[in-house]
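S.K.: Got a predicted model here, sequence first, then my questions.
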Amino acid sequence: MALRVDDETALVQGLKDGEEWAFEALVRLFGARMLSTARRLVGNEEDARDVVQSAYLSAFRAIGEFQGSAQLSTWLHRIVVNTGLMRLRSRRRKPEESIDALLPAFKADGHHVERFSSGSVPADQLLEQEETRHIVRGAIEQLPETYRTVLILRDIEELSTQEVAEMLEVTPAAVKVRLHRARQALFTLLRRQYQNLKPGVRPGIK
C-alpha cells in the first residue's frame, strides 16, 4: 500500500519512537500483503503466520536503521521474503527434487511430444485469469522448491534477477536458468491438466 510522503514519514518516526498507534498502523496497512507473500513462499498458513510474526520482530528491531531510501512497504516486503527463505532453509531435510520430469518431452526429431507455448509468460499474468487462478496456483505448488521459489520471487513478487540472486546466494545466471526451467515446467503441468478446464479456458497454452 502506497502512503503519502508526509504520512510515511510520520509513521516511520512513530515506529522509531515506539508509539503504539504506529505499530497498529503498520499491521493494519501492510499485514495482509505480508501474510500473502509469506503464504506463497512457505506454502501453508501456520508457517506463513510464523514468518510474518518473525518479520514484524525483525522490522521493529531494525526500524532505527531505516533511512527512507526505499518505501516502507518495499523495506517490509524484503524482510518478509528473507524471513520466508530462512524458514524454507530451516525445514529443508530431503534432497531437492528433480524438475526434469516436469519439463516438456521431445521426439527423436527434436519436436515436442505435445504442443506448448514458449513458456515465457510470467506466472503473475496467468494468475490474473480468474477462471484458472486456482489451477495455476496448484501447478506452482507442484514445482520443486528451488524452482518454485525463483518463480515466485521473480514473477509474482516482482523482484529483480539481481535481488533474487543475492537472496538465494546464487549467480544471476543461475536465477535465469531456474526461472526458465520453472516456467517450462509450469506450462507442462498446465498442459497436462487442460483437459479438465472449461472449453476455451487454456491459460497461455497453444
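M.R.: Everything's here; your move. Just so you know, these numbers come straight off a predicted model, no measurement behind them.
S.K.: hang on, residue 151 packs against residue 182?
M.R.: Yes - under the contact definition of Cβ atoms under 8 Å, residue 151 touches residue 182, with a separation of 4.1 Å. Just so you know, the C-beta spots here come from the backbone N, C-alpha and C atoms, and that holds for glycine as well.
S.K.: Skip the chain neighbours and tell me the closest residue to the spatially most central residue of the chain.
M.R.: When the chain is reduced to its mean C-alpha position, the closest residue under Cα atoms, centre = their mean turns out to be residue 152, at 2.9 Å. Setting aside the residues directly before and after it, residue 152 is nearest to residue 40 in space (Cβ to Cβ, 6 or more residues apart in numbering), at 5.3 Å.
S.K.: Show me what the host helix or strand of the one you found is packed up against.
M.R.: Taking DSSP states H and E as the definition, one finds residue 40 inside helix 20-42. Counting contacts by 3 or more Cβ pairs under 8 Å, 6 or more residues apart in numbering; DSSP states H and E, helix 20-42 packs against helix 5-16, helix 45-62, helix 72-91.
S.K.: just these: most buried one?
M.R.: Across the helices and strands packed on helix 20-42, the average number of neighbours (mean count of other Cβ atoms under 10 Å) peaks for helix 72-91, which reaches a mean of 18.
S.K.: just the angle between it and helix 45-62, please?
M.R.: Direction vectors for helix 72-91 and helix 45-62, defined by axes from the mean of the first three to the mean of the last three Cα atoms, to 10 degrees, enclose an angle of 120 degrees.
S.K.: Now do helix 72-91 against helix 20-42, angle only.
M.R.: Using the same axes, to 10 degrees: helix 72-91 against helix 20-42 is 50 degrees.
S.K.: okay, helix 72-91 in PDB with CA atoms only?
M.R.: Taking Å, rounded to 0.1, in the frame of the first residue of the first chain, the C-alpha atoms of helix 72-91 are listed here in PDB:
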ATOM      1  CA  LEU A  72       8.400   1.400   3.900                       C
ATOM      2  CA  SER A  73       6.300  -1.200   2.100                       C
ATOM      3  CA  THR A  74       9.400  -2.200  -0.100                       C
ATOM      4  CA  TRP A  75      11.600  -2.500   3.000                       C
ATOM      5  CA  LEU A  76       9.000  -4.700   4.800                       C
ATOM      6  CA  HIS A  77       8.500  -6.800   1.700                       C
ATOM      7  CA  ARG A  78      12.200  -7.600   1.600                       C
ATOM      8  CA  ILE A  79      12.200  -8.500   5.300                       C
ATOM      9  CA  VAL A  80       9.200 -10.900   4.800                       C
ATOM     10  CA  VAL A  81      10.900 -12.500   1.800                       C
ATOM     11  CA  ASN A  82      14.100 -13.000   3.600                       C
ATOM     12  CA  THR A  83      12.300 -14.400   6.700                       C
ATOM     13  CA  GLY A  84      10.400 -16.800   4.500                       C
ATOM     14  CA  LEU A  85      13.500 -18.000   2.700                       C
ATOM     15  CA  MET A  86      15.100 -18.600   6.100                       C
ATOM     16  CA  ARG A  87      12.100 -20.700   7.100                       C
ATOM     17  CA  LEU A  88      12.400 -22.800   3.900                       C
ATOM     18  CA  ARG A  89      16.100 -23.400   4.600                       C
ATOM     19  CA  SER A  90      15.400 -24.400   8.200                       C
ATOM     20  CA  ARG A  91      12.800 -27.000   7.300                       C
END
